[in-house]
Every structure is written in structure tokens, then in C-alpha cells.
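>>> Next come a sequence and a model predicted from it.
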Amino acid sequence: MADLTTNFIGITSPNPFWLASAPPTDKEYNVRRAFEAGWGGVVWKTLGSEGPPVVNVNGPRYGAIYGADRRLLGLNNIELITDRDLHTNLEEIKRVKADYPDRAIIVSIMVPCEEEAWKAILPLVEDTGADGIELNFGCPHGMSERGMGAAVGQVPEYIEMVTRWCKQYYSKPVIVKLTPNITDIRKPAAAAKRGGADAVSLINTINSITSVDLDSMSPEPSIDGKGSHGGYCGPAVKPIAMSMVSEIARDAETRGMPISGIGGVTTWRDAAEFITLGCGNVQVCTAAMTYGFKIVQEMISGLSEWMDEKGHTSIQDFCGAAVPNVTDWQYLNLNYVAKAVIDQDLCISCGRCFAACEDTSHQAIAMSDDRTFSVIDEECVACNLCVNVCPVENCISMEAMAPGATDPRTGRVVQPEYANWTTHPNNPSARAAE
Amino acid sequence: MGSDVFQPGISAGRLDPESYDTQFADLHPRLEPHEALVAADRCYFCHDAPCITACPTDIDIPLFIRQIATGTPDAAAKTILSQNIMGGMCARVCPTETLCEEVCVREVAEGKPVLIGQLQRYATDHLQEQGVHPFSRAAATGKTVAVVGAGPAGLACAHRLAMLGNDVVVLEAADKPGGLNEFGIATYKTTGGFAQAEVEWLLQIGGIKMQYNAALGRDMTLAQLQTDYDAVFLGMGLGAVNALGTEGEDKSGVTDAVDFIADLRQASDVAAVPIGRDVVVIGGGMTAVDAAVQAKLLGALNVTLVYRRGRDRMNASVFEQDLAASKGVRIVTHAVPVAVHGNGAVREMEFEYVDDAMKGTGQILRLPADQVFRAIGQRLVDGDLPELAVNKIKVDSAGRTSVQGIWAGGDCASGGDDLTVTAVAEGRDAAIDIHAMLTGAAG
């Protein structure tokens, strides 16, 4: 069985599955249960400054989006940072770390953007024996109205400044957690790097309103008839997170910077995908909140089985393996020509591919009187929509045309060599091929 | 319909030759990958799931279903097999409708359980068909254990003992392994020689020596085994069949349902197995249903299953009763056999109807019968055995008998239902206790 032991910025954990800073990691009781269930590490729920803790709403904190059969696809929350006393949290962290020396414990912190505030809390955190800290520059709700969380994460200069303070007053690794509520994720990542951060983690949650009650006209979750935007997470946000991770992984300024991947990790496969895009580990929250801590068993068995199958002996073997294949649109091979192919043995004749193609795409699927659906190669642009709407796995596939064959749609012979938009004759700013 | 279905008496080949394959096809064909994903998607991954509690072997069902759903059926198989080494057979023969699926929250809420049994088969078949044996042996303990009986209890015990580092000698009375998995289960529940394939796969663990044609009491004594081995596990099942105790029972045509079922399983061509035109099966358990349904599948014109109590008291589940009814078996309840009529061979079975207290009503039922199958239970073959409790070997929760160094499990031991899955659980648990005892870890 593959060794899942992970060394992330010098912090080792028995597997790459950490629980993200969130409600599941708010206290000793939960964290102990998580470690017993097999989680490799936790990022303790965000600590605030000394003094009276924040208060949470006393009504619903979460709203949800469902798929078929009420499967939870997206969750939003308006919970703030820990509402428990700072010293209670610190004592608990110290105790748990002492009992689980092989697991990673990272402490998430969010205090005002003043040097004194950071200077005050960092020694206290250092004393717990935790393995590192994560700077919460991401929470989009509540705390951001007070100039913290996403309000810091949206200003690269602040990120750099605070990161620098942390590196000055704290001796162990510093991870900067990024908010996705920003136009270009590379900017805050680069700022973190300039400030001396050991790693970034992303994404934090996305501004969202999950639904509106059409009787009370209140957004959900509704607190006495009013709602506030909350942070969106869960399987629905994974594509957004992976795109942002890949941007950091391949940008000239941030390339090679360790990344802890967060955003909708629900299965071993999600985790593997994040890792191939350059993450050294992943953090999970919604999946645990939906199904309980036990899901880590599936993540562990699935990832190690896949690694065995592929001959990977460590996470490092495939970390970032997909990064070289993430490119800009302009570099995609325009000489690559594919056509949809429908496997008639698998087809159940539902006609969804036909409706999608006929109504909204290229009229490239024919339907016979006996409900046989077939691809019209003369019209098919290989857009993939039929594949996406087909309810049967592998029933429709996109098959590449061999070089030398003639594309019946364009009448052109498929060229073997790579050619992209930068050299295409239709591109007004095309450069001659070198 | 073949031309010979109306022919009285007991004869083979009542149906068109080509129809037998359809008749005896897999009762639940394996799920296709897409079906498996759809079925797996219905599982809620319940906390402390009722299905796990209901499984005698405590398989982590939500976990293995999630592993199927996430595209790792082999990991799912390991989850199953680590608890139940005969998870493949159990997936086929477990009365899931009275175990895991009965308590599935979706059965309780919607009347439609997650298809746990079929998902289990999907996963175990996926792994086992690759010939992969996912377990390995611990460091050798230097101990050797005798296991009597190569049925589900014995093999589960042997496998766990071998896995823990012990050597095992399995002594089996028959000339091949499997026990009831091989001889006692309806043909349509385990097709394609699965029972033997599963045993071969199980033995890949190593350290298990098989000896056939070795029956306790006939070929060896318990005292001898105790002398020759470090411990003994008894899992020889119930070798004897209860008699009706009815006048005329010795007439030809009156046989044991278990023999009929075994003959069918062992037949190279089921069409060659003779069956009566009018068949009567006496009993109300799985064996009775297996015999009745298969009699019908062989082309018997009239098959009547007669049980002495009400349907609610039948050991056969409602699913099994419905299966029998769907194949055209008539189920008669509240009737006890009174006499077997016929001149040398049975021609008619006579029953008396009884009330719920089993008191005779004086009302008589006479059924034409050229073949009668007894299926009113099996019992232990008498012998020099540890202390009994209600006609079975008395054991505690770890499978220990009244004699130090001898454990027992499966149908021959007290406690638990007489199910494959229960036998596996008892064999496995006894192995763990034997190992602890032999290595000094238990008191």
C-alpha cells in the first residue's frame, strides 16, 4: 500500500487529509474525534484576540443547495471565528497536540491589522506546541465588516505586511489562507510570498446567498426575516478552487510555492486532483460536516489504491503533475479535431443529447423514427455538450480524428502538427511561426 | 412448455432442453457499473448505521458503498472481506431482506432499501475475478489448529487463523470443500461454480492444508485431534435430517430436500435430474423454498409447499415466500402430515389441518404426490462431542465449548441463526479467540 505520509512545509502528517479551519475544528472534543477517525491534521478554528470573544447569531448559520435525492452540493455559512475564550482554545490545542504528536495541528488566527495585535497572540500560539499557523485572510462574512478576514485578503499590501509580522514574531511555518472574493488570485498569493509566507491555502469561502424564501422574502439562512451573504463551500465550489490553485501553481511569480488545497474536497479523487494541480495536501470541511469524520477512511483507501495502481509511492510523485498541462486558451492546439461518438449498445434513447444539440448547439445529432441517435460528423464541432448531458457514463465519447483524415465539417485534412491561435491566420495580431 | 410436463411419476427432462439455462439463471444478475453507481448513490452514509448492526459479520456497509460510489470497488471489496471472507457468497445467499436491507433507513422511510446485497456482490466479484487476494499472513506462531468441516464456519475460521500466523488443517467429510455453500444452496443463487472459485480464492492466503473424505467419528476421533493439534474448531454443520415420523414415510419417492438440492448443485446437467409431476415439500424454511422453487423450475406441474403453522412463522422470509409464489409454488399452511399413501411408491400425501395451537381440526387435505421432500430441519450427527444445548454443541460468545481447547461454530453450534453469514461470523470470532488463547493473549 502506498505511503500517504505527507511532509508539507516541514510539517509531517500520516496522510494529506487535514480538516480545514471551520466548525469541525472548534474544540478539543471534535478534534480528538477527528484524529481517532484518521484525519492527518487539523487547522484549528480561527482564534481572535484576547478579551471577550465574538458572538454568533442564535438562528440558522447554514444554508444549502441540493442535487438530486437531496444530496448536498453547496453549503453556505455565516458563522464567525471561534466564540470561545482564547485561553480555553490555547489550553486545548496544547493538550491535543501533546496526545497526538504525529498529527499536524495548525492554528488559524485572525486579529486586527495592527502589529501589536499579532505580536500579542503569536507567542501564546507558539507556546501550544502547534506545528504552524494559518492566517485567516479569507472569511467573507461578518469579520470582514470589522476590517479583518477577507477585508485584509483583498488588499495584497496588507497581506504582505501581516505575513511579515508573523514571520517576525513566530518561529514556525506560516500559511496564508486566501479569499476567492477577488479578481486575480495571483496578486494576494504573490503578496504572501513577498511577506515570507511558507505556503498559501485556498480557497476560503465565496460570497453567496443560497436561496430566498418566497413567502417571507428573506434570504436564507434567515435570521428573524433577514439574511446576510455567507461563505459558500462544498462540492459546488471545487472547480473555482482548482482554477485558482492552478493559477498560483503556474504563475511565474508564485510557481513552486507550497499550496494547501481547499474547496469542495469530498472524495479521494477530489484530493488527488488538487494535488496534481500543485497542492501539497488538502483541507476538508463540508464533506466532514455532511457525512461525519468517517469519510476520511474512503479518502485514505481510495487515494492509496489509486497510487498503487499508478505506481506512485508518495504524494510527491504526482504533486503538480497536471500543472504543465494547464495553459492559456491561446496555446491550445487548434489542429486537434474530435468528433462525438455514441455507443449504441449503451444508449438508452432518452434523447437528451439530441435536445441539447438541436436546440442549443450545432444540430449535429440525428434522431431516427425508432429513436436511434447518431452523430452527424459534418456538423459536429466536438463541443462535448452531448457528453455532459448524457445520463449514461461513457455512452458518448469524443474521439480524436487521426492526422491525414478529412474533417467532413470543414473539408480540411487534419494536420499532424500543433498550431494555436497565436499563429492562426484569422488572428489580427498573429505572429509568423518561428 | 415441454411436452413431458403432464407425464405422471418421476422423470427427467420434462422441459425443452434449451429452457433449463433460463430457468436456473442467476436470480440476481450482477449489477452493471452504471447500475452500481445509481444504487450506491442512494446510500446516505448513515452514522452508526443500522445495516452494520444488522449484519452478523458487522461489515462497514456505508463505507464500502461509498468506496463503490467513488470508483474504488476493490477497496470496497477489502472493506467487506476484512470482516467477512465469504462476502462474495453472502452477497448471493444472505436473506438481506431480513438483515441489512430490512433496517436500511431507506427501506424504513420509503420501502425501498439500498441494494446492499447486490452492491456487495458487485464489489467482491470485481476483486475476486482478478484473482487478487488482498490479505497476507502475520508472522508464524508455530501453532497448528484442526478445523473440522470445510463449510462457511470452518473456512472462515481457517482463513482468520492462517491470517494471524497459525497453520491450519481442515478436515472435511465430503470429497470437496464448501459445505452448504457447495451442497445446500439453490442453484440459481450461486451460479457458475462460484462456491468452488471462492474457496480457491480464500485458500490463497496460504497455511491451510485441506484433507477430504475425513469425517469426525468415522475417520478420526475428537480425542485424537486434541492430541495432534494445538486447538480444535468444530464446524461440521448438521449432517442428519429430521424425519416426519409419519406412517408410510419409507415409501419410495419420499426423500430429503437437502439431498435433492445437493443433487441439483452437483449435476453437470440439471435437465438430467428427475422430478415428479406432483411434488409436495414439507417444511417452512429456506431449504423448503429452495426445493419447492427448483422442483417447479425443473418442470414439475404441481408443487405444493406445506407448512404446519402460519406464514408469519415460516423461517423463509417474505421475499422467499413471494419468490416461491411467483414461480407457481402453492403454499399451504396450518397442515401437518398424517400419512403417506401409495403402493410401494408414494401416490398421495395426507395432511390434517391444525389451528394456531397446533391442535388437530379433523379436516383432511389429500394432495396427489409422486415425490415428497422432507424439509423440516436438520440435526447434529450423534457422536462423542462436547456438552450440548438444545441438540447443538454448547458454546459461549467466543465459540468456546465445554471442553478446553475445543471451539465450535456454524450450524452445529448453539446460538445464532443457521445462516452462511452467521457461520462466517462465528468461525472468524472463534479464530480470534483461539489465536489469543494460543499466543497467551487471552485468559
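Arrived safely. Since the model is a prediction, treat every value here as computed from it, not as a measurement.

>>> Can you name the residues that contact residue B:212?
The contact partners of residue B:212, by Cβ atoms under 8 Å, 6 or more residues apart in numbering or on different chains, come to B:150, B:172, B:174-177. Every C-beta, even on glycine, is put in place using the N, C-alpha and C of the backbone.

>>> Tell me which residues are up against stretch A:294-313.
A:1-4, A:15-17, A:37-39, A:266-269, A:271-272, A:284, A:287-288, A:317-318, B:45, B:47, B:62-63, B:66-67, B:70-72, B:74-75, B:78-79.

>>> Which two of the contacts of residue B:212 have the greatest separation?
Largest separation among these by Cβ to Cβ: B:150 and B:175, giving 10.6 Å.

>>> Have a look at these two and say which one is more surrounded.
residue B:150 (29 against 7; other Cβ atoms under 10 Å in any protein chain shown).

>>> hang on, isn't the more buried one packed against residue B:199?
Yes. In this structure, residue B:150 is within contact of residue B:199 by Cβ atoms under 8 Å, at 7.4 Å.

>>> what residues are shared contacts of the two?
Common neighbours of residue B:150 and residue B:199, using Cβ under 8 Å, 6+ apart, are B:177-178.

>>> Residue A:3 in helix, strand or coil?
Following DSSP: H, G, I helix; E, B strand; the rest coil, residue A:3 is assigned to coil.

>>> The one 4 residues further on too?
Under the three-state scheme (three-state DSSP), residue A:7 adopts strand.

>>> For residue B:349, which three-state class applies?
With three-state DSSP as the basis, residue B:349 sits in strand.

>>> I meant to write residue B:362 there.
From three-state DSSP, the assignment for residue B:362 is strand.

>>> can you list the residues of chain A near chain B?
For chain A, the residues in contact with chain B (Cβ under 8 Å from any Cβ of the partner chain) are A:69, A:71, A:267-269, A:291-292, A:294-295, A:297-298, A:301-302, A:305-306, A:392-393.

>>> Poorly predicted segments of chain A, please.
A:431-434 (pLDDT under 70).

>>> follow-up on the earlier one: write the ChimeraX selection for whichever of the residues of chain A next to chain B are buried.
Those of the residues of chain A next to chain B that count as buried under 16 or more other Cβ atoms under 10 Å in any protein chain shown are selected in ChimeraX with:
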select /A:267,268,269,291,292,294,295,297,298,301,302,305,306
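
>>> Report how many residues lie close to residue 170.
Just so you know, I chose chain A. 20.

>>> if you could check chain B rather than the one you did, that'd help
25.

>>> Run through the helices of the stretch 251-400 of chain A in chain order.
A:268-276, A:286-291, A:295-310, A:352-360, A:385-389 (DSSP state H, counting those that start in this stretch).

>>> what residues are up against the closest residue to residue A:182 other than its chain neighbours?
Distances taken as Cβ to Cβ, 6 or more residues apart in numbering or on different chains place residue A:154 nearest to residue A:182, at 5.4 Å, with adjacent residues excluded. The contact partners of residue A:154, by Cβ under 8 Å, 6+ apart, come to A:179, A:181-182, A:188.

>>> Just want to check the distance between residue A:154 and chain B.
35 Å (Cβ to the nearest Cβ, to the nearest Å).

>>> thought residue A:200 was touching residue A:176?
Yes. Contact status for residue A:200 versus residue A:176: in contact at 5.0 Å, counting by Cβ under 8 Å.

>>> Which neighbours do those two have in common?
Shared contacts of residue A:200 and residue A:176 (Cβ under 8 Å, 6+ apart): A:188-189, A:192.

>>> Closest one of these to chain B?
Nearest to chain B among the shared contacts of residue A:200 and residue A:176, counting by Cβ to the nearest Cβ, is residue A:189 at 30.2 Å.

>>> mind listing what's buried in the helix or strand harbouring that closest one?
Residue A:189 is part of helix A:186-194, with elements assigned from DSSP states H and E. For helix A:186-194, a neighbour-count test (16+ other Cβ under 10 Å) marks A:186-194 as buried.

>>> Equivalent analysis for stretch A:79-93, please.
Residues of stretch A:79-93 classed as buried by neighbour count (16+ other Cβ under 10 Å): A:79-82, A:84, A:86, A:89-90, A:92-93.

>>> how far does it stretch from start to finish?
For stretch A:79-93, the first-to-last residue distance is 21 Å (Cα to Cα, to the nearest Å).

>>> what does it rub up against?
Residues contacting stretch A:79-93 (Cβ under 8 Å, 6+ apart): A:23, A:26-28, A:31, A:44-51, A:53-56, A:61-62, A:105, A:107-108, A:110, A:121, A:124-125, A:127-130, A:136, A:139, A:141-143.

>>> Leaving out sequence neighbours, find the closest residue to residue B:152.
Of all residues not flanking residue B:152 in the chain, residue B:423 sits nearest, at 4.0 Å (Cβ to Cβ, 6+ apart).

>>> Just to be sure, the one you found is in a helix?
Yes. Assignment of residue B:423 by three-state DSSP places it within a helix.

>>> quick one: pLDDT of it?
Looking at residue B:423, its pLDDT reads 97.

>>> Check the spacing between it and residue B:18 real quick.
Counting by Cβ to Cβ, to the nearest Å, the separation of residue B:423 from residue B:18 is 37 Å.

>>> more crowded one of these two?
Using other Cβ under 10 Å as the criterion, residue B:423 and residue B:18 rank with residue B:423 on top: 34 against 8.

>>> what does chain B have sitting close to chain A?
That would be B:33-34, B:37, B:41-42, B:45, B:47, B:62-63, B:66-67, B:70-72, B:74-75, B:78-79, which are the residues of chain B within reach of chain A (Cβ under 8 Å from any Cβ).

>>> what about burial for these, which qualify?
Buried, going by 16+ other Cβ under 10 Å: B:37, B:42, B:45, B:62-63, B:66-67, B:70-72, B:74-75, B:78-79, out of the residues of chain B next to chain A.

>>> And the residues you listed, which is closest to residue B:336?
Closest approach to residue B:336 among these (Cβ to Cβ): residue B:42, at 43.9 Å.

>>> nearest spatial neighbour of that closest one, skipping sequence neighbours?
Nearest to residue B:42 is residue B:114, by Cβ to Cβ, 6+ apart, at 4.9 Å.
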